[in-house]
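*Asks:* Provided below are the primary sequence and the corresponding predicted coordinates.
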Protein chains: 2
Amino acid sequence: MAAVPVWSVDPRTGKQREQVAAEATAADIDRAVRAAHAARAALADRSARAALLRTAADVLDASGDEVIATADAETALGAARLTGELARTTAQLRAFAEVVDEGAFLDIHIDHADAGRTPPWPDLRRMKLPLGVVAVYAASNFPLAFSVPGGDTASALAAGCPVVVKAHPDHPATSELCASLLRRAAVEAGLPADVVNVVHGFEAGVELVKHPLVAAAGFTGSVRGGRALYDAAAARPTPIPFHGELGSLNPVVITEAAAAERAEQIGAGLAGSMSMGVGQFCTKPGFVLAPTGEAGDALVKSLTATLSETGPGVMLDHRMRDAFAAGVRERAELPGVEAPVTPGADGEHTVNAGFLTLPAELLAQEGPHDLLLEECFGPVAVVARYSSAEEISAVLSRLPGNLTATLHLADAETDGGDADAASGAAGLLAEVTPLAGRILVNGWPTGVAVAPAQHHGGPYPATTSTSTSVGATAIERWLRPVSYQSTPEALLPPELRDDNPLGLPRRVDGRQEN
Amino acid sequence: MAAVPVWSVDPRTGKQREQVAAEATAADIDRAVRAAHAARAALADRSARAALLRTAADVLDASGDEVIATADAETALGAARLTGELARTTAQLRAFAEVVDEGAFLDIHIDHADAGRTPPWPDLRRMKLPLGVVAVYAASNFPLAFSVPGGDTASALAAGCPVVVKAHPDHPATSELCASLLRRAAVEAGLPADVVNVVHGFEAGVELVKHPLVAAAGFTGSVRGGRALYDAAAARPTPIPFHGELGSLNPVVITEAAAAERAEQIGAGLAGSMSMGVGQFCTKPGFVLAPTGEAGDALVKSLTATLSETGPGVMLDHRMRDAFAAGVRERAELPGVEAPVTPGADGEHTVNAGFLTLPAELLAQEGPHDLLLEECFGPVAVVARYSSAEEISAVLSRLPGNLTATLHLADAETDGGDADAASGAAGLLAEVTPLAGRILVNGWPTGVAVAPAQHHGGPYPATTSTSTSVGATAIERWLRPVSYQSTPEALLPPELRDDNPLGLPRRVDGRQEN
């Protein structure tokens, strides 16, 4: 059978740039997974892992110009955005090196024997170990930060797990380039290159999640693609953890008082957040509850003005562009829906940002308008106009899970000075908390800080697990605990010895050490 | 449709004792789940949760005689064992009250805004929240510690999640009694009784895991039953976490030197551990690698002698007794398998403990003997005799995942004095670590301490997730993180306010507080 070529395509023209690779066959997948599996033992050394992560960051930074140019040529995301994304990616790799050095992720518990317990305790010492080979499914919209050198790869390597990355077809050249840089960094850090592997092709992705030596998977992408892989992971003879980030509406609720206080600022802020990166962020605010009446009208006017001035943009590929145009069209045709600024395809290769609006009451019960409660990837938001708190509650109760939920509140609702206003705001916060993994007040959800307190995840379909794919705790996804019972000191891993030779943070007999 | 009666049966006679309840219909399940869901808000108060757990322990202790008599009448486990199990169960409830009071499980991270980061950090504050209603599937073999008042219930309530327990058909009267005691404890602690609910029936269990308001499930039981429920949980429109403990061989490796040093003691210890509780522990050592030659012979002789003196026992029900007898028969008929002490059915209602033995080389490759690598529930162990380190490795590489793996080593292999012996032991430890969640040296796996450093879980089929069902960290299964970004102090939960009014352990700007 002839190899299926993998092309790098320029989304600004729709033209093929170059053939980058071939789609992986089942034999290729088997080879890649076995190579990764064989590299496992080398990753057991935590200092080598930290060195690998730092070297990877250095090597990527050093090749920054080439990485950015390549990524821009096949994603059209622009040099400015990609420069920021590369900086974020290398900062993320270095942050995980610090996580590895510190060792809190090992989650060490030591309980010395205690005959007075019911039942008596033997000597028990627990730490976390890497799961094994991790399959990473790269995202379309972040060719660096959520792709080959991205958060899933960085956190898996930090945990001690080699990776096989299924590259996204929107940036195969960037994927190959980054993989070769990471593999070079591995060798420079004294590790086998096979701690990082990359494969291409849709079928290859399905084969990968089914491979017996794959121990866990991380995914960022669509509900449809992610669910199919989740189902395949669950149907394996030996099911594996599948941490998928699938889709999110990222609802925003703007109170009447907030609109009255700063309609123009909120409208302009919303326009910026929803159209940023041509609306291709997983945290794009796609659904907004704004008040009816004068303040809400002023907000919509500001949104209209700002969006009207936003120039056309190039989406990641033409299939997405077509899906965006069709999705907008289908939504705009629903009764009661208006499009003050019409989003959709523009010219041959670009799209325009815009928004749809309708009375919130149309969403209070099941019906054809439910389509508006599904994510539409691209620069469009749905603004539902509410006229009572009950309408807000009714619509919120119908939303699926999200990565984020945002409240825009007035000063009087947040400064604690006015008891009634504060209680209304607290009620709203309590209502949105079950809907999302990150709650924002008076901010915008696009932009995800790589911080230990970050949570980039949320109720399904935002994620298929309770984990985060961003921030220090993302490492937890690739580990499993092991307890050693009554194990002689000479046989214990150094992490668990009484004298704590590695100076790790540990919980010993119920007390935190270090 | 007439209600299907649920009977309590005496396994010592096979006779029905009394009708205890009726199998739950779909409408009953819906009612129970909705009642639990409505009780959620009351559990948000952590002090109320701690009070509930302590009151539940007190109420169970106060009704100890009745609980033990009821459990014994329908499980035949005996008053001594059940007295111990009740003590363990109430200690477990109290231990989770301490976990709730301390609050480390909230896993609080606070990162103040930092414009110097890449990209800049806004103020981010993360804690964990309860998932919602938890479905608990009770185990046959622990009518208390892994059933209605058991670890799944205790950890779910500690997390703030109401439970609907699917009772095990082997002890419906105990389940009803314990549910009424827990519900009484809830009311005494000022909470709605519906924080604990119990339902009966196989179909009811399937309905339960599919209910849209069920947010997670915990299961202890067989591979077949657990996998069916896991599959149902994964196939839901909104999949939920399913923490199932399904089955385990619990391999034991006895080195030649250990056998030479203390053959008699190890043989007797093995006999005790594998026949304890009529071999009905999930941690029963079901598979043993013992050396050929004189030392191994002496060990087998000691095992034979001790098991021959073990009297017959009553299993939990007659279906299990039949399955045990059939499972042993099928295994004993395999070529090369001998039964020095024949396990199997004895008389009308009891079984005898025994063991099977064969050359380890018969297990080194795929074949009909693979049946011996599957758990056989009841008092039987398979002793495979090896004649080289290579044979040990070959057989270990073929084992499925386990809750435990045990090494019996000689003094010279553990005291660090003899480098060669120590390195052989370390190699063996490294070989068994990937196979299990708990590693023991010179002990027996039956008996699971309820300690923070405990891990009762392991690679599939031992568990369907990377979690533990015993010990303080079992609470992690029922929580999800939420981050609050740039949220004004007045709106933040008290757990996340700067002044830490609740005195909780937190990680603030990378440093542990309290």
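*Replies:* Sure thing, it's come through.

*Asks:* where does A:Ile254 land on pLDDT?
*Replies:* At A:Ile254, the pLDDT value in this model is 98.

*Asks:* that one against A:Leu299, yeah?
*Replies:* Yes - taking contacts as CB atoms under 8 Å, A:Ile254 lies within contact range of A:Leu299: 6.7 Å. For every residue, glycine as well, the C-beta is placed using N, CA and C.

*Asks:* any shared contact partners between those two?
*Replies:* Common neighbours of A:Ile254 and A:Leu299 are listed as A:Ile266, A:Ala290 (criterion: CB atoms under 8 Å, 6 or more residues apart in numbering or on different chains).

*Asks:* where along the stretch 251-400 of chain A do the helices fall?
*Replies:* Along the stretch 251-400 of chain A, counting by DSSP state H, counting those that start in this stretch, helices occupy A:256-275, A:293-308, A:318-332, A:389-396.

*Asks:* need the winner for burial among those helices.
*Replies:* Highest mean neighbour count among the helices of the stretch 251-400 of chain A (mean count of other CB atoms under 10 Å in any protein chain shown): helix A:256-275, with a mean of 21.

*Asks:* still on that earlier bit, make JSON lines out of the helices of the stretch 251-400 of chain A and add distance to chain B.
*Replies:* Shown next, in JSON lines, are these (distance: least, CB to the nearest CB, whole Å):
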{"stretch": "helix A:256-275", "distance to chain B": "13"}
{"stretch": "helix A:293-308", "distance to chain B": "20"}
{"stretch": "helix A:318-332", "distance to chain B": "21"}
{"stretch": "helix A:389-396", "distance to chain B": "15"}
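
*Asks:* and A:Thr487, what does it touch?
*Replies:* For A:Thr487, the contact set (CB under 8 Å, 6+ apart) comprises A:Asp123, A:Arg125, A:Leu496, B:Leu429, B:Ile439, B:Leu440, B:Val441.

*Asks:* before we move on, the earlier item: tell me which of the helices of the stretch 251-400 of chain A sits nearest to B:Gly347.
*Replies:* B:Gly347 lies closest, by CB to CB, to one member of these: helix A:389-396, at 63.9 Å.

*Asks:* and the next element down the chain from that closest one?
*Replies:* Using DSSP states H and E, the helix or strand that follows helix A:389-396 in sequence is strand A:402-408.

*Asks:* now the next helix-or-strand element following that following strand, how far from the chain's geometric center?
*Replies:* For strand A:402-408, the succeeding helix or strand toward the C-terminus, using DSSP H and E, is helix A:411-414. A distance of 31 Å separates the centroid of the chain from that of helix A:411-414, by CA atoms, centre = their mean, to the nearest Å.

*Asks:* which strands and helices sit next to helix A:411-414?
*Replies:* In terms of contacts (3 or more CB pairs under 8 Å, 6 or more residues apart in numbering or on different chains; DSSP states H and E), helix A:411-414 is packed against helix A:256-275, helix A:419-432.

*Asks:* for it, C-alpha coordinates in CSV please.
*Replies:* Output in CSV follows, covering the C-alpha atoms of helix A:411-414 (Å, rounded to 0.1, in the frame of the first residue of the first chain):
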residue,chain,number,x,y,z
ASP,A,411,-18.6,47.9,42.1
ALA,A,412,-21.5,47.9,44.5
GLU,A,413,-21.9,44.1,43.9
THR,A,414,-18.3,43.3,44.7
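
*Asks:* okay, the contacts of A:Thr487 in CSV with neighbour count and pLDDT next?
*Replies:* Shown next, in CSV, are the contacts of A:Thr487 (neighbours: other CB atoms under 10 Å in any protein chain shown; pLDDT from 0 to 100):
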residue, neighbour count, pLDDT
A:Asp123, 22, 98
A:Arg125, 25, 98
A:Leu496, 25, 98
B:Leu429, 20, 97
B:Ile439, 23, 98
B:Leu440, 25, 98
B:Val441, 21, 98
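
*Asks:* what ranges in chain A fall below the confidence cut-off?
*Replies:* For chain A, the stretches with pLDDT under 70 are A:1.

*Asks:* can you give me the domain assignment for it?
*Replies:* Per automatic domain parsing, the domain ranges recorded for chain A read A:23-246+A:465-479, A:251-441.

*Asks:* of all those, which one is nearest B:Ala173?
*Replies:* Nearest of those (CB to CB): domain A:23-246+A:465-479, 24.9 Å.

*Asks:* is the closest one anywhere near chain B?
*Replies:* Yes - applying CB under 8 Å from any CB of the partner chain, one finds domain A:23-246+A:465-479 touching chain B at A:84, A:87-88, A:91, A:109-111, A:117-122, A:124-126, A:129, A:131, A:230-231, A:234-235, A:238-239, A:241, A:465-466, A:468, A:473, A:479.

*Asks:* out of these, name the ones that lie in helices.
*Replies:* For the residues of domain A:23-246+A:465-479 next to chain B, the ones inside helices are A:Gly84, A:Ala87, A:Arg88, A:Ala91, A:Tyr230, A:Asp231, A:Ala234, A:Ala235, with DSSP state H as the criterion.

*Asks:* burial count for A:Ala449?
*Replies:* A:Ala449: 24 surrounding residues under other CB atoms under 10 Å in any protein chain shown.

*Asks:* report the contact partners of it.
*Replies:* Shown in contact with A:Ala449 (CB under 8 Å, 6+ apart): A:Gly471, B:Asp111, B:Arg117, B:Pro119, B:Pro120, B:Trp121, B:Pro122, B:Leu124.

*Asks:* in strands, which of the residues you listed appear?
*Replies:* B:Asp111, B:Leu124 (DSSP state E).

*Asks:* tell me which of the contacts of A:Ala449 is nearest to B:Leu371?
*Replies:* Nearest member of the contacts of A:Ala449 to B:Leu371, counting by CB to CB, is A:Gly471, at 46.4 Å.

*Asks:* is the closest one in contact with A:Ala453, as I believe?
*Replies:* Yes - assessed by CB under 8 Å, A:Gly471 is found in contact with A:Ala453 at 7.2 Å.

*Asks:* ok and the residue in the stretch 301-450 of chain A nearest chain B?
*Replies:* Among the residues of the stretch 301-450 of chain A, A:Gly416 lies nearest to chain B; the distance is 3.5 Å by CB to the nearest CB.

*Asks:* in the stretch 51-200 of chain A, which spans are strands?
*Replies:* A:108-111, A:124-130, A:133-137, A:163-166, A:196-199 (DSSP state E, counting those that start in this stretch).

*Asks:* which of these sits closest to A:Pro379?
*Replies:* strand A:133-137 (24.3 Å).

*Asks:* how deep is the residue nearest to A:Pro237 when sequence neighbours are not counted tucked in, by neighbour count?
*Replies:* Nearest residue to A:Pro237, sequence neighbours excluded (CB to CB, 6 or more residues apart in numbering or on different chains): A:Pro212, at 7.9 Å. For A:Pro212, the count of nearby residues is 12 (other CB under 10 Å).

*Asks:* distance of A:Pro212 from A:Asp411?
*Replies:* Going from A:Pro212 to A:Asp411 by CB to CB, to the nearest Å gives 58 Å.

*Asks:* and what of A:Arg331?
*Replies:* As judged by CB to CB, A:Arg331 and A:Asp411 stand 35 Å apart.

*Asks:* name the nearest residue to the residue in the stretch 151-300 of chain A positioned nearest to chain B, ignoring sequence neighbours.
*Replies:* For the stretch 151-300 of chain A, the residue closest to chain B is A:Ala234, as judged by CB to the nearest CB, at 3.7 Å. Of all residues not flanking A:Ala234 in the chain, B:Ala234 sits nearest, at 3.7 Å (CB to CB, 6+ apart).
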